[in-house]
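1. Compute the structure for the input listed below.
(2 chains)
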2 protein chains.
Amino acid sequence: MRITEIREKAVKLDVNIRNAVFAFDDMTTSIVALITDVVRDGVPVTGFAFNSTGRYACGAQMRDRFIPRILRQDPDSLVDEARGNFDPDAVLRAMMFGEKPAGDLERSVGIGTIEVALWDAMAKIEGLPLHRLIADRYGDGTSADSVFCYVGGGWYSPGETPESLKDEMRGYLDQGYTLVKAKVGGLSIDDDVRRIETILSVLDGGHQLAVDANCGLSPARALEYAERLKPFGLRWFEEPVHPVDFDAMSGFVAAYGNPAAAGENLFSVEDFRNLFRYAGFRPGTDLVNIDVPQSYGIGTCAKILETGRSFGWAPASFIPHGGNQMSLACALGFGMGMCEAYPHVFGAFSGYADGARVRDGYLPAPQLPGVGFEGQNELYSLFRDLAA
Amino acid sequence: MRITEIREKAVKLDVNIRNAVFAFDDMTTSIVALITDVVRDGVPVTGFAFNSTGRYACGAQMRDRFIPRILRQDPDSLVDEARGNFDPDAVLRAMMFGEKPAGDLERSVGIGTIEVALWDAMAKIEGLPLHRLIADRYGDGTSADSVFCYVGGGWYSPGETPESLKDEMRGYLDQGYTLVKAKVGGLSIDDDVRRIETILSVLDGGHQLAVDANCGLSPARALEYAERLKPFGLRWFEEPVHPVDFDAMSGFVAAYGNPAAAGENLFSVEDFRNLFRYAGFRPGTDLVNIDVPQSYGIGTCAKILETGRSFGWAPASFIPHGGNQMSLACALGFGMGMCEAYPHVFGAFSGYADGARVRDGYLPAPQLPGVGFEGQNELYSLFRDLAA
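-> Numbering: from 1, shown residues only, chains lettered A, B, ... in the order given. Sure, this is the predicted structure:
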């Protein structure tokens, strides 16, 4: 068995939103098709993935470095003979040849996207949903029937009014969600507090709301937000400060007291270890976000969880970044605490299987082999065209 | 005055060397020409730069994001009216639009290379060597007539023998250098110690030799090297461990005692601040390396030095990574402790002005306006073709 070809293409995200630090106007993502010579149902198994959202397409790195480094290997060296499937660690090692340590993001997105596409193919080869394959390899082989899913909403939109914001939140509740997240840090603190009060007016209480500053606050301003937002008893406060300013994070955690979250802008085992070491984060209270395709993929996610375990962190304290089928498979397969959804925000690149419905906050586990992109008509048409 | 065009091109490095962690076989770099409408000596001023060595070409990011973001600005917004020259901070802000915090290297190389090319143009507009312009903007306007320069040599080469290694080192001494650096970590510790003893046999003592593990040692192995190499009294021990494993670095520093060095694989103010905070580094004893074009460029280098100052670090404790005219300008302009040279290693991309000679370890300051690439015939021909 061998990987016969890997194709990639940059696709523009058709979105018009902003958070505390930037607008998504020109944002792109790379879609990948990894074609194998393994035949299932009469056709060669092809794995798919995209590079999540918020970091730009990375086709040049894939074309110039990662794809040729895989295809020039002896195919047998990329196979796990005992399991009769590809060996994701060997494929990762091949892609990492000639790379200096650190500075990860320049390569971790391209490598991670190809790696997730490989796992999609591996799961299809075994006829399993990806979450089951992940649970087989890294857990006890079982994965839950559903996972808690919250909405990453409340973006700053042009023309927003208190009524439109309340309508947005009511819409999420009507869709079956029981926890929503809203942006902070893009307005004055007084305006942000008023916005939170507006949202809370349609919720049952602070436990139904999380906030996300997308690293947009200075250390001093983060402390002001900590003081002003603490009385609301929100579910968590995400990324108050710069992702690697661990001292500022630690100061925020101490001042805020309530749960904090961070991690979606860390991309390596070493960076996450620094978060565990230096950020003042409390296992069991705070939450760790991880963007799997942007951080070298599923094998590295397992290593990050293992590193977390050595610092006292359970998988249930992790949340995958990116509301999509890949993060859903990781949440279920690794036993993470919940996953995220962005209804109507990132177009084809957000959301889950077309028929999937959230009930009382829980999203059912996908049953299709692989990631399950085949159940997302609009997104899958992009992949199908790439593989054709 | 305006930037009329920015061109880039990937060039393959023609080298065949390795350090503890990888080979340079497929390494590329991006060369940049930033063309302005300012006329000097009858021709439009053009700034040049390349993205140093060890990280791959980054043309896609420049073409897709950084160059269009500069060229779509109102040209007046990129000019520092008071100084009658371009405003590098405004150009950096333009390039950073739409970028998420952290994960710096994915953009810091492309942005830094364009930024250094801008400084080359700015210095040419003022008719000054770049080191003088840097000293004007960030210091007292003066820069030294020469700077201490050591050789980054002793790479692991196919077919190396003790005699060839000694010949290499004698050659550096004959060329006027008084300090050399050699790789460690690519052999067994016993073989590395023998190699160090071989090199020391042609030097005056440990103060003439530094070593560099290029982050290739595990924390435990780094401690073994600390113990075995401590008695040699070497000038410094560079990058024993992973660049952001600050705990391992701190453990190494405590065990080794003698001077350590690190930093060339950090790419942002925030990452350097973590080095100052967590690595156990001692101002006045240890050394900090910085690759300027790979870390957002000269303006960010000034910010990193300023951050260092707040932790007690003087510019003299910094060494620019990359033995080339750009790092020489930074060493002189910022008053750093020394610079590096790689005679015959990175082809056109290493070395200084064709006529420049090291005397008693010191390299004379360049006098041509700008970086001074025009004094490097082989390299300048690449730039000239790009700008033609």
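
2. make it CA atoms for all contacts and neighbour counts henceforth
-> Fine.

3. Look up the closest residue to A:Ser295, ignoring the ones flanking it.
-> Spatially, and ignoring its direct neighbours in sequence, A:Ser295 is nearest to A:Phe267 (4.4 Å; Cα to Cα, 6 or more residues apart in numbering or on different chains).

4. ditto for A:Glu374
-> Excluding the flanking residues, the one nearest A:Glu374 by Cα to Cα, 6+ apart is A:Tyr380, at 5.6 Å.

5. quick one, helices of chain A?
-> Counting by DSSP state H, one finds helices in chain A at the ranges A:59-61, A:67-71, A:88-95, A:105-126, A:130-138, A:162-174, A:189-200, A:219-229, A:246-256, A:269-278, A:298-310, A:325-334, A:377-387.

6. can you tell me if the shortest one touches chain B.
-> Yes. Contact of helix A:59-61 with chain B is found when judged by Cα under 8 Å from any Cα of the partner chain, involving A:Ala60.

7. who's in contact with that helix?
-> For helix A:59-61, the external contacting residues (Cα atoms under 8 Å, 6 or more residues apart in numbering or on different chains) are A:Glu8, A:Lys9, A:Ala10, A:Ser30, A:Arg107, A:Gly110, B:Ala60.

8. out of those residues, which are buried?
-> A:Glu8, A:Lys9, A:Ala10, A:Ser30, A:Arg107, A:Gly110, B:Ala60 (16 or more other Cα atoms under 10 Å in any protein chain shown).

9. Tell me, how many residues neighbour the residue nearest to A:Ser295?
-> 31 (other Cα atoms under 10 Å in any protein chain shown).

10. which ones are touching it?
-> A:Phe267 makes contact with A:Asp104, A:Leu105, A:Ser108, A:Asp291, A:Gln294, A:Ser295, A:Tyr296, B:Gly103, according to Cα under 8 Å, 6+ apart.

11. just those residues now: which is nearest A:Leu200?
-> Among these, A:Asp291 lies closest to A:Leu200 (Cα to Cα), at 28.2 Å.

12. What are the neighbouring residues in contact with the residue lying closest to A:Phe252 once chain neighbours are set aside?
-> In space, and not counting its chain neighbours, A:Phe252 is closest to A:Leu223: 5.8 Å by Cα to Cα, 6+ apart. By Cα under 8 Å, 6+ apart, the residues touching A:Leu223 are A:Gly251, A:Phe252, A:Ala255, A:Tyr256.

13. And A:Leu223, how far from B:Thr53?
-> 41 Å (Cα to Cα, to the nearest Å).

14. remind me which residues of chain A are low pLDDT?
-> Residue ranges of chain A with pLDDT under 70: A:15-17, A:20-23.

15. Return the nearest residue of it with respect to chain B.
-> Proximity of chain A to chain B (Cα to the nearest Cα) peaks at A:Glu106, 3.7 Å away.

16. That residue contacts B:Glu106, doesn't it?
-> Yes. With contact defined as Cα atoms under 8 Å, A:Glu106 and B:Glu106 form a contacting pair (3.7 Å).

17. What about the spatially most central residue of chain A? Give its phi and psi, please.
-> When Cα atoms, centre = their mean is applied to chain A, the residue found nearest the centroid is A:His321 (2.5 Å). Listed backbone geometry of A:His321 is phi -80, psi 150, with angles given as degrees, to the nearest 10.

18. so A:Gly154 touches A:Leu179, yeah?
-> No. Using Cα under 8 Å, A:Gly154 makes no contact with A:Leu179, being 11.9 Å away.

19. Alongside chain B, which residues does the stretch 151-300 of chain A contribute?
-> With the criterion set to Cα under 8 Å from any Cα, the stretch 151-300 of chain A comes near chain B through A:Cys215, A:His242, A:Pro243, A:Val244, A:Asp245, A:Asn265, A:Leu266, A:Phe267, A:Glu270, A:Asp271, A:Asn274.

20. residue contacts, the closest residue to the first one other than its chain neighbours?
-> Once its chain neighbours are removed from consideration, A:Cys215 has its nearest residue in A:Val241; the separation is 4.1 Å (Cα to Cα, 6+ apart). If you count contacts by Cα under 8 Å, 6+ apart, A:Val241 has them with A:Ala213, A:Asn214, A:Cys215, A:Gly216, A:Leu217, A:Ser218, A:Pro219, A:Ala222, A:Ala248, A:Met249.

21. mind running it again at 7 Å?
-> Contacts for A:Val241 (Cα atoms under 7 Å, 6 or more residues apart in numbering or on different chains) come out as A:Cys215, A:Gly216, A:Leu217, A:Ser218, A:Pro219, A:Ala222, A:Ala248, A:Met249.

22. now A:Phe276
-> Listed by Cα under 7 Å, 6+ apart, the contact set of A:Phe276 reads A:Phe311.

23. Could you check the angle the longest strand belonging to chain A makes with helix A:377-387?
-> Under DSSP state E, the strand in chain A containing the largest number of residues is strand A:28-40. Compare the direction of strand A:28-40 with that of helix A:377-387 by axes from the mean of the first three to the mean of the last three Cα atoms, to 10 degrees and you get 70 degrees.

24. Relative to B:Glu270, how far out is the residue nearest to A:Cys215?
-> A:Val241 is 11 Å from B:Glu270, where distance means Cα to Cα.

25. Likewise for A:Glu5?
-> 39 Å.

26. Please apply the same query to A:Asp140.
-> Distance of A:Asp140 to B:Glu270, given as Cα to Cα: 39 Å.

27. So these two - more neighbours on which side?
-> The residue with more neighbours, out of A:Asp140 and B:Glu270, is B:Glu270; 19 against 12, by other Cα under 10 Å.
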